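Trainee: Okay, sequence plus prediction incoming.
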Amino acid sequence: MKNFSLILLTISLALISCSSSSNEYTAEEQIREDVEWFSSDEMDGRLSGTEQEAIAANYIADRFLQLGLTPAGDQDTYFQQFTLNGPMTQPMGVENHLSRNVVAISEGSTQPSQFIVLGAHYDGQGHGSIISMNFDQPDSTHYSADDNASGVAGLLHLAEKFSENPTEKSVMFIAFSGEELGLLGSRYFAESLDVPSDSILAMINFDMIGRLNEESELTIFGTETSPKWDEIFSEIESNNLNIIPSGSGTGASDHVSFHDIGIPVLHFFTGTHDDYHTPGDTPDKINEQGILTISEHAELLIRKLDELEATAMEFSETAPQQQSVMSGDSVTMGVIPDYNFSGNGFRLDGVRMGGPADRAGMQTGDIVVQMGEIPVSDIYAYMEALGEFSTGEEIVVKVRRSGEIVELSLTF
């Protein structure tokens, strides 16, 4: 009740702080405005269950209202409330706090009971704490610009486009909270659906779309969650994007919650970087033109989905539903995964200076094949293995480097 009252108390502040109506800006300027607002000093990292998260939720709800979208949360509001409970909530200081997803619908003109779901998480890492990758200053504001103000900016752009030019099917827009604490908001939404799951053709997730590089590389996960995806992509323009398809619909973002209930999914992603989960993830490093290009490509995809028969998107499960279990004594190696690696093992795309992996002598490009006595076949096996170790524990990690197996001593 206390946090629900906070929404009402802060809504005036949110409306004052909220950017002006989007028709005063070009699309690229509006994206920049949104990213800068969400990742400002005042938003203090937008950790779920905090005042700043509630203000951010009001910002999104106000934009949905401006666009004339139909509220689809609790009691005819845009907010779907849930309680933060899970292994990570207590060490992050928000256990049993209220949080909320923000949900709206662009009503379909002829098939309003069929849905295409678009999602992006708006919560950030707050001051980092146990989810920080910054080992020197874990307790400092993590601005969370790419992760994931970028995805929210793309979601709001698409909300504007579909409010102006609706589809035959309904498009549902969901800004999730609790993602950084274990996909809590999307799990809650998926487990309490108030529409039949088979009325949802697909779910498209925008998480970390703000660092499009000079090669215009966009990874799209989930391309094997339906045999129909290949056909759809072949029929739409690439918008000059260098699209890297990746079949799996599992991983560590909100689309997984929909994959796990049998819904085809996609996750748009421009890649990891050294600023991931650190205070360095700031808005000045965001490629707003890249977000716009990705959003325009997504719009083509969504409108192609809208042309399909309701039963056209057959679901294919893509990988075992393995979950990483974190607790207050959770450990990390301090590495950045190479999400595009499909070989045997877990390849590193980066190593955090001062972290356990760095101290052990691990290098970018190393492929982890064993941790202690536990074989590591892929990123999911790696995440499972982390749950078996404790802070201060010393293990031998075997990595494949330049074709040779190297044994390293690592202390968490």
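Mentor: On my side now, so go ahead.

Trainee: check contacts around S248.
Mentor: 221-222, 224, 318-319 (Cβ atoms under 8 Å, 6 or more residues apart in numbering). Quick note: C-beta positions are derived from backbone N, CA and C, even for glycine.

Trainee: Please tell me the pLDDT value assigned to L212.
Mentor: pLDDT for L212: 98.

Trainee: D274 contacts G334, correct?
Mentor: No: with contact defined as Cβ atoms under 8 Å, D274 does not count as touching G334 (11.8 Å).

Trainee: any low-confidence regions in this structure?
Mentor: Within the chain, the ranges that satisfy pLDDT under 70 run 1-23, 138, 319-330.

Trainee: How far off centre is the strand of greatest length in it?
Mentor: Secondary structure assigned by DSSP state E gives strand 111-121 as the longest strand of the chain. Relative to its chain's centre, strand 111-121 lies at 17 Å (Cα atoms, centre = their mean, to the nearest Å).

Trainee: Check which residues of that strand are buried.
Mentor: Neighbour-count burial for strand 111-121 flags 114-121 (criterion: 16 or more other Cβ atoms under 10 Å).

Trainee: And for stretch 359-378?
Mentor: Neighbour-count burial for stretch 359-378 [16+ other Cβ under 10 Å]: 359-360, 362, 366-372, 376, 378.

Trainee: which of the residues you listed lies closest to G343?
Mentor: I367 (7.2 Å; Cβ to Cβ).

Trainee: And stretch 227-241, end to end?
Mentor: Start-to-end span of stretch 227-241 (Cα to Cα, to the nearest Å) is 22 Å.

Trainee: Which of the residues in that stretch are classified as buried?
Mentor: So for stretch 227-241, counting by 16+ other Cβ under 10 Å, buried means 228-229, 232-233, 239, 241.

Trainee: Can you tell me which of those residues is nearest F135?
Mentor: L241 (34.2 Å).

Trainee: about what we covered before: partners of the longest strand of the chain, with directions?
Mentor: strand 169-176 (parallel), strand 200-206 (parallel) (DSSP bridges).

Trainee: Could I have the CA atoms of that strand written out in CSV?
Mentor: Provided in CSV are the C-alpha atoms of strand 111-121 (Å, rounded to 0.1, in the frame of the first residue of the first chain):
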residue,chain,number,x,y,z
GLN,A,111,-8.7,-8.9,-34.8
PRO,A,112,-8.5,-7.2,-31.4
SER,A,113,-8.4,-10.5,-29.5
GLN,A,114,-5.1,-11.6,-31.2
PHE,A,115,-1.9,-10.0,-29.9
ILE,A,116,1.7,-9.2,-30.8
VAL,A,117,3.6,-8.4,-27.6
LEU,A,118,6.5,-5.9,-27.5
GLY,A,119,8.5,-5.6,-24.3
ALA,A,120,11.5,-3.8,-22.8
HIS,A,121,12.6,-3.6,-19.1
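
Trainee: Counting by contacts, list what the next helix-or-strand element following it packs against.
Mentor: Moving toward the C-terminus from strand 111-121, the next helix or strand (DSSP states H and E) is helix 150-164. Using 3 or more Cβ pairs under 8 Å, 6 or more residues apart in numbering; DSSP states H and E, the elements in contact with helix 150-164 are helix 27-38, helix 51-66, strand 98-106, strand 111-121, strand 169-176, strand 200-206, helix 288-306.

Trainee: Put together TSV for those, with distance to I263 on each row.
Mentor: Below are the helices and strands packed on helix 150-164 laid out as TSV (distance: least, Cβ to Cβ, whole Å):
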stretch	distance to I263
helix 27-38	27
helix 51-66	22
strand 98-106	16
strand 111-121	8
strand 169-176	12
strand 200-206	5
helix 288-306	12
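
Trainee: What ranges does the stretch 201-350 of the chain have for its helices?
Mentor: Using DSSP state H, counting those that start in this stretch, the helices found in the stretch 201-350 of the chain span residues 228-234, 255-259, 288-306.

Trainee: does I232 really touch R303, like I thought?
Mentor: No: in terms of Cβ under 8 Å, I232 does not count as a neighbour of R303; the distance is 10.5 Å.

Trainee: can I get the strands paired with strand 111-121 in a markdown table with mean neighbour count?
Mentor: Output for the strands paired with strand 111-121, formatted as a markdown table (neighbours: other Cβ atoms under 10 Å):
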| stretch | mean neighbour count |
| --- | --- |
| strand 169-176 | 26 |
| strand 200-206 | 27 |
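
Trainee: now those strands in JSON lines, with distance to T83?
Mentor: Output for the strands paired with strand 111-121, formatted as JSON lines (distance: least, Cβ to Cβ, whole Å):
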{"stretch": "strand 169-176", "distance to T83": "15"}
{"stretch": "strand 200-206", "distance to T83": "23"}
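
Trainee: so which of the ones you listed gets nearest R32?
Mentor: Of these, the one closest to R32 (Cβ to Cβ) turns out to be strand 200-206, at 16.4 Å.

Trainee: related to what we said a few turns ago, filter the contacts of S248 down to just the ones in strands.
Mentor: Going by DSSP E, the strands hold F221 from those.

Trainee: and the contacts of S248 as a markdown table, adding distance to T26 and neighbour count?
Mentor: As requested, the contacts of S248 are exported to a markdown table (distance: Cβ to Cβ, whole Å; neighbours: other Cβ atoms under 10 Å):
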| residue | distance to T26 | neighbour count |
| --- | --- | --- |
| F221 | 30 | 28 |
| G222 | 31 | 29 |
| E224 | 37 | 18 |
| T318 | 38 | 21 |
| A319 | 40 | 16 |
